[in-house]
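**Q** Provided below for reference: sequence and predicted model.
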Amino acid sequence: MSDTNTLSQTAALDFDRRNLDWYIDKIIQALVFIAGISAIIFIIGIFVFITIEGFGFLLEDFSFREFFLSQYWEPSDEDAPEYGILALIAGTASVTGLAMIVAIPFSLGAAIFIGEFATGKTREFLKVLVELLAAIPSVVWGFIGLSIMNPLIIQIFDVPVGLNVLNAGIILGLMAAPIMTSIAEDALKAVPDRYREAAEALGATRWQVIFKTVLPAAKNGLLGAVLLGMGRGFGETMAVLMATGHAVNIPGSVFDPVRALTATIAAELGETAVGSPHYQALFTIGIFLFIITFLINLTADLIVRGIRKG
Amino acid sequence: MFAESSLNVRNKRVQNLFRILFMLMTVLLVVPVIIILGTLIYKGGSIISFDFLFTDPTNGMTAGGIFPALLGTIWIVAVALLASVPLGVMAAVYLNEYAGDNWFTRLIQLAIINLAGVPSIVHALFGVGAFVIFFGFGTSILAASLTLAIMTLPVVIVSTRESLRAVPQAFREACWNMGATRWQTIRRVVLPNAVSGILTGVILEVSRTTGETAPIMFTGAAFFLPFLPQSVFDQTMALSLHLFVVATQVPGVPEDLPFGVALVLIAMVLIMNSISIAFRMYLRGKKKW
């Protein structure tokens, strides 16, 4: 009786694999898990920290009406500072809108050409080129708007100043296009080849295959690409700061200078005292930007995920 | 063989029309950028010299070189890499080797997408609130680098995950069958087979970090400093911010100076990206499995 007992005990000990390697494995697993959830921690951290810094403004000076409906952004007025971001929203919206008008047709067209028409070396070359274009830093784009586009616009359209919605919109469009192109091309690539083969077997020409089969099948992915490009344009800072003319203004035409939400923070944060209402108001704009981009990204993600399931 | 029916001829014509239309769109997308780059080289090329790269700015930044800014960018990028590469690789290891396909993993993925999508100026605000004020690093290389590290973390995670995914499952199974633990398998088999792919992503991240301006404006980069940084708690100049400063903030800058700075910045970024792309193609060609 006792013999079998000791036997099973030693056997149990034999099967116990908790040696040093086992413990190391567990520790690493815990560490890696922490790293894995770091992205979630950082997203929450970003929201928490900008809210902490902007909280005083939200409690005291913030009025929903004034903040969203007043077009006067005069935070440094000593007697009666006004914190209205309507004109800034109009600035961001006009520039992003024009950028999308520039970028959407070209990047979708380019994606279709690269994904469906181009082959071999041409395709590879174009893909590399698009990737390199996407890498150009935003401050360089801003500088291009300032020093190349600005005189060009003055010359062509005979206007006194070339830093305006048109300038920033084109710059932003050129910036967003490569990203939209490569995401859209991925979406086209995700359409299974058997769809194309089936359509071709029915006698469809190449463009019929593309318009009747590939594009409908890739619809959600393409929409996702457009949304992500829009998010990028919406959140762009340096290029918009340098190319818009930076004047608080609800634009009446594409030749009016405007000021964007992001650029306002970039231009004014350095001049404000930490903790002052102006400083806190800038962080409140940050919260607004964070929420909007979060919603854009979430929507894009849900749309793209929608096709994967379908 | 068969005579072309009129329908076929028409279809062919339409197809060619569309082909040319889309090609034109691609060309129109690419050509302006090439022209712009050409202009940058044309206007800024003449100022680039050994002296320009390795001397200090003089005369209130209207003359002289860009050395402190170049060195500062290297500082910022190096410290940012030290923080983001280990964290990003570990996060990718978790996602590819440990995480199951469930809602929690999807939540992490959503967080990564958002981390990449949050505007850079919001990252800057976070850097000010968290690193400069809350953790008390002040405006310093450390605060700027950590802000950039968090911002570019998705680049490392995504590219590392791709290269981990490319390691065949059979490699892992073979290793497990030898009695190795999960970590031993990852360290001895998975990571060595993925290391070059990870490196490609790291180069890409270096390029991203080099060009960013907004996140470092208020966290550690200064307009002008008369001295070079001695530790991570010092402020520094940076190339990207220097371009903004000489292009917009300093009066009386000769025209070719900002063009020269822009050219150096864009050359650094594009060269690193090209290396990364070339490396990726080389690896794709070499792959044994």
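**A** Received, thanks. Treat the numbers as computed from the prediction; the structure is a model and nothing was measured. Numbering: from 1, shown residues only, chains lettered A, B, ... in the order given.

**Q** Just the closest residue of the stretch 151-289 of chain B to chain A, please.
**A** Residue nearest to chain A within the stretch 151-289 of chain B (CB to the nearest CB): B:Gly211, separated by 2.6 Å. No exception for glycine: its C-beta is placed from N, CA and C like everyone else's.

**Q** Could you verify my assumption that that residue touches A:Val139?
**A** Yes: with contact defined as CB atoms under 8 Å, B:Gly211 counts as touching A:Val139 (6.9 Å).

**Q** which neighbours do those two share?
**A** Jointly contacting B:Gly211 and A:Val139 under the rule CB atoms under 8 Å, 6 or more residues apart in numbering or on different chains are B:240, B:265.

**Q** Looking at the two now, which is surrounded by more residues?
**A** Counted by other CB atoms under 10 Å in any protein chain shown, B:Gly211 and A:Val139 do not tie: A:Val139 has more neighbours, with 28 against 23.

**Q** how many neighbours does the closest residue to B:Ser140 other than its chain neighbours have?
**A** Of all residues not flanking B:Ser140 in the chain, B:Phe233 sits nearest, at 4.7 Å (CB to CB, 6 or more residues apart in numbering or on different chains). Using other CB under 10 Å, B:Phe233 has 14 neighbouring residues.

**Q** Next, give phi and psi for A:Val258.
**A** Backbone torsions of A:Val258, given as degrees, to the nearest 10, read phi -140, psi 180.

**Q** Contacts only, for it.
**A** Listed by CB under 8 Å, 6+ apart, the contact partners of A:Val258 are A:87, A:90-91, A:94-95, A:164-165, A:168, A:244-245, A:247, A:249-251.

**Q** Bridged to it, which residues?
**A** With DSSP bridges as the criterion, A:Val258 is bridged to A:Gly245.

**Q** Could you report the separation of it from A:Leu222?
**A** For A:Val258, the distance to A:Leu222 (CB to CB, to the nearest Å) stands at 29 Å.

**Q** Could you tell me how many residues sit around B:Ser240?
**A** B:Ser240: 31 neighbours (other CB under 10 Å).

**Q** Can I get the helix or strand that contains it in CSV? Just the C-alpha atoms.
**A** In this assignment (DSSP states H and E), B:Ser240 forms part of helix B:239-244. Coordinates of the C-alpha atoms in helix B:239-244 are reproduced here as CSV (Å, rounded to 0.1, in the frame of the first residue of the first chain):
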residue,chain,number,x,y,z
LEU,B,239,16.4,69.0,-38.0
SER,B,240,12.7,68.9,-38.7
LEU,B,241,12.0,71.8,-36.3
HIS,B,242,15.0,73.7,-37.7
LEU,B,243,13.4,73.6,-41.1
PHE,B,244,10.2,75.1,-39.7
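
**Q** Can you flag the buried ones in the contacts of A:Val258?
**A** A:87, A:90-91, A:94-95, A:164-165, A:168, A:244-245, A:249, A:251 (16 or more other CB atoms under 10 Å in any protein chain shown).

**Q** from those residues, which ones fall inside helices?
**A** A:87, A:90-91, A:94-95, A:165, A:168 (DSSP state H).

**Q** Surely A:Leu88 and A:Ala267 touch.
**A** No: look at A:Leu88 against A:Ala267 with CB under 8 Å: they stay out of range, at 11.2 Å.

**Q** just to revisit the earlier point, please pull up the helix or strand immediately following the helix holding B:Ser240.
**A** Next along the chain after helix B:239-244, taking DSSP H and E as the criterion, comes helix B:256-286.

**Q** For that next one, buried residues please.
**A** B:257-266, B:268-270, B:272-277, B:280.

**Q** helices or strands up against that helix?
**A** If you count contacts as 3 or more CB pairs under 8 Å, 6 or more residues apart in numbering or on different chains; DSSP states H and E, helix B:256-286 packs onto helix A:120-134, helix A:138-144, helix B:6-44, helix B:191-211, helix B:239-244.

**Q** can you give me how far that helix is from the chain middle?
**A** How far helix B:256-286 lies from its chain's middle: 10 Å, per CA atoms, centre = their mean, to the nearest Å.

**Q** check contacts around A:Gly84.
**A** A:Gly84 makes contacts with A:66-73, as judged by CB under 8 Å, 6+ apart.

**Q** Report pLDDT for residue 10.
**A** With no chain named, the answer covers chain A. Note for A:Thr10: predicted pLDDT of 69.

**Q** meant chain B actually
**A** For B:Arg10, the model assigns a pLDDT of 80.

**Q** list the contacts for it?
**A** Taking CB under 8 Å, 6+ apart, one finds nothing in contact with B:Arg10.

**Q** how much space between it and B:Arg19?
**A** For B:Arg10 relative to B:Arg19 (CB to CB), the value is 15 Å.

**Q** B:Ala247 too?
**A** Counting by CB to CB, the gap from B:Ala247 to B:Arg19 is 41 Å.

**Q** Tell me which of these two has more neighbours.
**A** Shown here are B:Ala247 and B:Arg19; by other CB under 10 Å, B:Ala247 has more neighbours (21 against 17).
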